[in-house]
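S.K.: no letters, just coordinates:
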C-alpha cells in the first residue's frame, strides 16, 4: 500500500505549506501529494486489509492502485480472496486487478 506513504501525504502537504522557500529552491507549483498522485502507482502487496485499500483508493484514486502479491512472504490465495471480497465495485476491481498495470506498463489488454 505504497510503503505507508499515502498515510503521510497530509503531513507532507502541511509541512510544505509552512516551510519557508530557500533562495536556492524553486517554489513548487503543486503540493507534494499532487506530485505523488501524478507520478506514482502503488500496489496492494503485503497489505490484505480492506480499510487500507479503501483509504488508498480514496486518497490516490483507483487509477493509482495495482493488485500484487508479496510472494513468497504471503500467500497468493489470501491476496486473491482479499481482492475478490473487497467492498469496491467490479469496475474498480478490474482496474486494480489488471487495468492499471496494463496502462502503466503498456500491456495490451485482451
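M.R.: Now that the structure is in, tell me what you want to look at. It should be emphasised that the depicted structure is a prediction, and the values quoted were computed from it without experimental measurement.

S.K.: next SSE after the helix or strand of the chain with the lowest mean pLDDT?
M.R.: Every helix and strand in the chain was compared by mean pLDDT, DSSP states H and E; the lowest is helix 9-18, with a mean of 91. Where DSSP states H and E defines the elements, the next helix or strand beyond helix 9-18 is helix 32-39.

S.K.: who's in contact with that following helix?
M.R.: For helix 32-39, contacts defined as CB atoms under 8 Å, 6 or more residues apart in numbering pick out 5, 9-10, 12-13, 16, 28, 30, 59-61, 64. C-betas here are computed from N, CA, C, even on glycine.

S.K.: which one is the spatially most central residue of the chain nearest to, not counting chain neighbours?
M.R.: The centre of the chain sits closest to residue 42, judged by CA atoms, centre = their mean, with a distance of 3.5 Å. Leaving aside its chain neighbours, residue 42 sits nearest to residue 2 (3.5 Å; criterion: CB to CB, 6 or more residues apart in numbering).

S.K.: relative to residue 110, how far out is the one you found?
M.R.: 28 Å (CB to CB, to the nearest Å).

S.K.: about what we covered before: next up, the contacts around the residue nearest to residue 42.
M.R.: 40, 42-43, 56, 60.

S.K.: so which of those residues comes closest to residue 80?
M.R.: The closest of these to residue 80 turns out to be residue 43 (CB to CB; 14.2 Å).
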